[in-house]
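Chemist: Here you go, sequence then predicted model.
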Amino acid sequence: MKYRSVIATRLGPPEVLQVVEHDLRAPTPGEVRVRVLAASVSRPDVSNRTGETLYTGTPLAKNKPPFVPGYAIIGDVEALGEGVENVALGDRVGVLTIVGGYTEVLYWSSDSLIPVPTSVDPVDAATLILNYIVAYQVLHRVAKVEAGDIALILGASGGIGTALLQLGQLAGLKLYGLASRRKHGILTQYGATPIDYHTQDFVEVLRQAEPGGIDVVLDGMSRVNSIRGGLSVLRRGGCVVSFGDPGGFPALFRMLWLFATTNLLPNGKSYKLYGTSPYFLGDKRPFLEDWATLFKLLADGQIDPVISETLPIIEAAQAHRLLEGGSVTGNVVLVAPGLA
Ligand SMILES: NC(=O)c1ccc[n+]([C@@H]2O[C@H](COP(=O)([O-])OP(=O)(O)OC[C@H]3O[C@@H](n4cnc5c(N)ncnc54)[C@H](OP(=O)(O)O)[C@@H]3O)[C@@H](O)[C@H]2O)c1
């Protein structure tokens, strides 16, 4: 029996993504075999493929070609290796793979599986494993928002941005968001005031609209100018949280300098950084708790991920073209044969 996956043959344009066939094998001890139902296509997948930007959450060795990109999947356990007792055949699971997700079959260690209810749609569920966990933790574990807080989202129309819109509305925030004009509809749908960053200066807009300052800036762009702008519109006690890819070491160093100077100065404002690396390096429990909360919100219909496009797993190259082309609002998800 065969299955297919998509490998990045080298770093470069979407065409470096090629479909390869493998023989199905039995899982090794401690491993499970997962039949992948859906794999999210995320901005870090694109960074891993191009190798042009620094994605700080990615252990660099993992995107050394040839490799299978794909940061997150949802699937069903179809075979158990010797000694596996924490999951059963047929269980639905999620995996934060970092790389390896663009595949019809995934072999993975049984101790890094995320429980997923079978009642939820696997395509929606795939967006919770990366984009929604980032949005949820940025809001509730880092910024620690409260109902009534005023928040600005930099990059509000993307995968994480739309998750922030939904979770922010649910948390009772007053929202502003930066997005290209053609995508403003999705912001207003979630009660946010859109700002077109191509034609408007968000600092001026917010100084007029919120003269007392705002509570939090949720920054998916990680550009030093917008972080400085974000800090300037905060009220005392407010914070900027950056979770975006700085796009290279020089920008990362500028951000770290800003981080040190902002937090050392007695200005009543703070600058915080977020990454998913604690899931791999530290305590997994906060992540597992937050995924459980998110799956409950999804099952209860309180969140409804924005899916712009679904494509078969083997069409990952086309999915990357779409994401890079800038036309996508929300998420692109790859799906198993039969679900496309
Ligand atoms: N820290 C972590 O653990 C973690 C995890 C996943 C992703 N990330 C990072 O988080 C960032 C966002 O990811 P994503 O998946 O949401 O990306 P995405 O879906 O590609 O969305 C990015 C959005 O940014 C907008 N944008 C581009 N230039 C902008 C600018 N100058 N000002 C404001 N908005 C701008 C685009 O919107 P318009 O089309 O409206 O212009 C686009 O919709 C990326 O840098 C990604 O690498 C971090």
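Modeler: Alright, I've got the coordinates. Residues are numbered from 1 along each chain as shown.
Chemist: Look up how far Arg228 lies from Asp215.
Modeler: Separation of Asp215 from Arg228 (C-beta to C-beta, to the nearest Å): 18 Å. Where you see a C-beta, it was placed from the backbone N, CA and C, and this is true even at glycine.
Chemist: And for Gly237?
Modeler: Distance from Gly237 to Arg228, by C-beta to C-beta: 18 Å.
Chemist: who's more crowded, these two?
Modeler: Remark: of Gly237 and Arg228, Arg228 carries more neighbours, 14 against 10, as counted by other C-beta atoms under 10 Å.
Chemist: who's in contact with the more buried one?
Modeler: Arg228 is in contact with Leu258, counting by C-beta atoms under 8 Å, 6 or more residues apart in numbering.
Chemist: try the one 3 residues further on
Modeler: Remark: with contacts taken as C-beta under 8 Å, 6+ apart, Leu231 is in contact with Val217, Val240, Thr262, Lys269, Tyr271.
Chemist: Find the nearest non-adjacent residue to the residue most central in space within the chain, please.
Modeler: What sits nearest the mean C-alpha location of the chain, by C-alpha atoms, centre = their mean, is Asn131, with 2.6 Å. Sequence neighbours aside, Gly159 is the residue nearest to Asn131 in space, at 4.1 Å (criterion: C-beta to C-beta, 6 or more residues apart in numbering).
Chemist: Quick check: that neighbour touching Asn331?
Modeler: Yes - in this structure, Gly159 is within contact of Asn331 by C-beta atoms under 8 Å, at 4.7 Å.
Chemist: so what sits against both of those two?
Modeler: Common neighbours of Gly159 and Asn331 (criterion: C-beta under 8 Å, 6+ apart): Ser40, Thr127, Asn131.
Chemist: Would you format those residues as JSON lines with secondary structure, distance to the ligand and pLDDT included?
Modeler: Formatted as JSON lines, the shared contacts of Gly159 and Asn331 follow (DSSP: H, G, I helix; E, B strand; the rest coil; distance: C-beta to the nearest ligand atom, whole Å; pLDDT from 0 to 100):
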{"residue": "Ser40", "secondary structure": "strand", "distance to the ligand": "9", "pLDDT": "98"}
{"residue": "Thr127", "secondary structure": "helix", "distance to the ligand": "10", "pLDDT": "98"}
{"residue": "Asn131", "secondary structure": "helix", "distance to the ligand": "6", "pLDDT": "98"}
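Chemist: out of those residues, who's nearest Glu85?
Modeler: Ser40 (28.4 Å; C-beta to C-beta).
Chemist: ok, the closest residue to Leu170 other than its chain neighbours to Leu89 distance?
Modeler: Spatial nearest neighbour of Leu170, chain neighbours left out: Gln302 (6.2 Å); criterion: C-beta to C-beta, 6+ apart. Applying C-beta to C-beta, the value for Gln302 to Leu89 is 31 Å.
Chemist: cool, and Thr28?
Modeler: Distance of Thr28 to Leu89, given as C-beta to C-beta: 17 Å.
Chemist: Apart from its chain neighbours, what residue comes closest to the residue in the chain positioned nearest to the ligand?
Modeler: Residue of the chain nearest the ligand, by C-beta to the nearest ligand atom: Gly158 (1.9 Å). Leaving aside its chain neighbours, Gly158 sits nearest to Gly220 (6.5 Å; criterion: C-beta to C-beta, 6+ apart).
Chemist: now Met1
Modeler: Spatial nearest neighbour of Met1, chain neighbours left out: Leu24 (4.2 Å); criterion: C-beta to C-beta, 6+ apart.
Chemist: Show the secondary-structure elements that the host helix or strand of Tyr271 is packed against.
Modeler: In the assignment (DSSP states H and E), Tyr271 maps to strand 270-273. Judged by 3 or more C-beta pairs under 8 Å, 6 or more residues apart in numbering; DSSP states H and E, strand 270-273 is in contact with strand 234-242, helix 249-264.
Chemist: Now do the helices in the chain.
Modeler: With DSSP state H applied, the chain shows helices at 43-50, 122-127, 133-137, 159-170, 184-189, 202-209, 224-232, 249-264, 277-281, 285-299, 316-325, listed in chain order.
Chemist: do you know which of these lies nearest Val36?
Modeler: Minimum separation from Val36 across the helices of the chain (C-beta to C-beta) falls at helix 122-127, 9.1 Å.
Chemist: The stretch 51-200 of the chain against the ligand: which residues are in contact?
Modeler: Neighbours of the ligand within the stretch 51-200 of the chain, by C-beta under 6 Å from any ligand atom: 55, 57, 130-131, 134, 154-155, 157-161, 178-180, 183, 197.
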